[in-house]
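>>> Next comes the sequence, and after it the predicted model I'd like to discuss.
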Amino acid sequence: MLKLFLWPFKLIYYCLKPFIWFYKNFFGYSTATSDSEGIDFEHTCANILRGRGFSNVEVTKASGDQGVDVLASKDGRRYAVQCKLYSNPVGNKAVQEVYAGKTYYGCTDAAVMTNSTFTESAKVLADSLGVELWENTPTSSKRKRKNSPIVFWGSIIVLVAFWIYLFEAENAGTITQEISNDRGSTAALIWLGFILAYVFVFPFIRNIIIDILIGFTKIKIAILQRKLNKIRDNDYDDEIDSTEDDFELEPSYTEMLRQKYQVDLRDDDFDVDKFADECNAYLARQDEMKQWEES
C-alpha cells in the first residue's frame, strides 16, 4: 500500500530527473576548473589544519604528489592529506590515492579533505582502510556558478505567466483551446531554444566579442606606448623657464604619465581613453613650446 502511495511521487521525480540534471550541470556551482583553483584550496586546507593545532604543515609540489596534497603532524602522528575542491560528493578514487600516498611519504595516517561530502561507497572504503574523511571544509575562494540561475528561473517565471494568461484567456472565451495549446507549445519551444542558446551559443559569441575587444585594447596600448616613447625621447627638460604662463610645464608631468603607464592595465580604474587624451595634450603643449622657442 505504501509503495502504491509513493508511486506518483516517484513518477514525478523520474520525470524531473533530466531537468534536475540539466540545471545542476549547466547552472550549478563549478568544480575546480583550473590548477590554480585547486592549488589555492590546498593552501586553504593547510591554513585550516594549522588553526586546528597541526604542526609541520607543508603543501606538496603540484606535480607528482602521489595523491597527497598536504603533510601535517599532530599528537605524534604524521598525516597525509588529499584536498578535493568538488561540487559533487567525493568518490572512492581519492580514498585509494591518499591511502597509497601515505605509504609513499612514510606517514602514519591518511585523510581526505573536501569542501563537499563523500559518497556512501567512499565512506565504506575509508572505514575499512582507516582513512579519515573531513568534509564541509570552508573554502576561501568564492564558488562560481556555471551560468546565471536568474536567467533560468526568470525565463521559467515568464513562461508560466504566459501559460496562465493563455488559460485565463481560454476560460474567458477570448481564444479557443486549439489556439491556446498551439501558443503554449510554441512558447515552451521558444523557452527551450533560448535556454540552449544561452548555455551553448552565447558563451561562444561572448568569447569572440571579448577577443575582439582585447585586440582593440592591445592596439590602443601599442599606440600609447609609441606616444610615451616619443615623450621619453624628447630633448626638453620638464622645468623650462618661461615668461608666459601658458607655456610653463608642470615639473613632474612627464613622470606622472610614466607612472600612469606602469599601472596594471587590468585595473578597472585605469581609463585608457583619458590617458590617451593626456598624452595628446602633452604632445600638443610640447609642439607649442617648440614653436614659441623658435619664434
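On my side now, so go ahead. Numbers count the residues shown, from 1 in each chain.
>>> buried ones in stretch 160-180?
For stretch 160-180, a neighbour-count test (16 or more other C-beta atoms under 10 Å) marks 162, 166, 170, 180 as buried. Glycine gets a C-beta too; all of them are placed from N, C-alpha and C.
>>> Using the three-state scheme, assign the third one.
Meaning E170. helix (DSSP: H, G, I helix; E, B strand; the rest coil).
>>> circling back: would you list the buried residues of stretch 160-180 in a markdown table and tack on pLDDT, distance to L196 and secondary structure?
Formatted as a markdown table, the buried residues of stretch 160-180 follow (pLDDT from 0 to 100; distance: C-beta to C-beta, whole Å; DSSP: H, G, I helix; E, B strand; the rest coil):
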| residue | pLDDT | distance to L196 | secondary structure |
| --- | --- | --- | --- |
| F162 | 92 | 19 | helix |
| L166 | 91 | 23 | helix |
| E170 | 87 | 28 | helix |
| S180 | 88 | 25 | helix |
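>>> can you give me the strands in the stretch 51-200 of the chain?
Ranges of strands in the stretch 51-200 of the chain, per DSSP state E, counting those that start in this stretch, are 55-59, 70-74, 77-84, 109-114, 132-134.
>>> now what about the first one, what contacts it?
Counting by C-beta atoms under 8 Å, 6 or more residues apart in numbering, strand 55-59 makes contact with 42-43, 46, 49-50, 69-74, all of which sit outside it.
>>> redo that, cut-off 10 Å
Strand 55-59 is contacted by residues 39, 42-43, 45-51, 65, 68-75, 78-79, 81, 83 when judged by C-beta atoms under 10 Å, 6 or more residues apart in numbering.
>>> Parallel or antiparallel, list what pairs with it.
strand 70-74 (antiparallel) (DSSP bridges).
>>> just the fourth one next, same as before
Here strand 109-114 has these sheet partners by DSSP bridges: strand 77-84 (parallel), strand 132-134 (parallel).
>>> May I have the beta-bridge partners of E132?
Listed beta-bridge partners, E132: A111 (assigned using DSSP bridges).
>>> re the thing from before, so which of the strands of the stretch 51-200 of the chain is nearest I157?
For the strands of the stretch 51-200 of the chain, proximity to I157 was assessed by C-beta to C-beta; strand 109-114 is nearest, at 34.5 Å.
>>> what mean pLDDT would you report for that closest one?
In this model, strand 109-114 carries a mean pLDDT of 93.
>>> again, but for stretch 85-94
The average of the pLDDT scores along stretch 85-94 is 88.
>>> Pull out the buried positions in that stretch.
85-87, 89-90, 94.
>>> how long is that stretch end to end?
Distance between the two ends of stretch 85-94: 12 Å, counting by C-alpha to C-alpha, to the nearest Å.
>>> got it, and stretch 56-69?
14 Å.
>>> And it, what's buried?
Here stretch 56-69 shows 57, 59-60, 65, 67-69 as buried, counting by 16+ other C-beta under 10 Å.
>>> What about those residues, which are in helices?
With helices defined by DSSP state H, no entry of the buried residues of stretch 56-69 lies inside them.
>>> of those, closest to A122?
G67 (14.1 Å).
>>> Can you give me the distance of S73 to T108?
The gap separating S73 from T108 is 9 Å, by C-beta to C-beta, to the nearest Å.
>>> Kindly report the same for R226.
63 Å.
>>> Please name the bridge partners of the nearest residue to T108 once chain neighbours are set aside.
Nearest residue to T108 in three dimensions, chain neighbours excluded: R77, at 4.7 Å (C-beta to C-beta, 6 or more residues apart in numbering). Note on R77: beta-bridge partners K74, judged by DSSP bridges.
>>> quick one: R77 from E170, how far?
Applying C-beta to C-beta to R77 and E170 gives a distance of 72 Å.
>>> Equivalent analysis for Y14, please.
Computed with C-beta to C-beta, the distance linking Y14 and E170 is 30 Å.
>>> where in the stretch 101-250 of the chain is pLDDT low?
140-146, 225, 227-250 (pLDDT under 70).
>>> if we can go back for a sec, need the max-distance pair from the buried residues of stretch 56-69.
Considering C-beta to C-beta, no two members of these lie farther apart than V57 and G67, which are separated by 17.6 Å.
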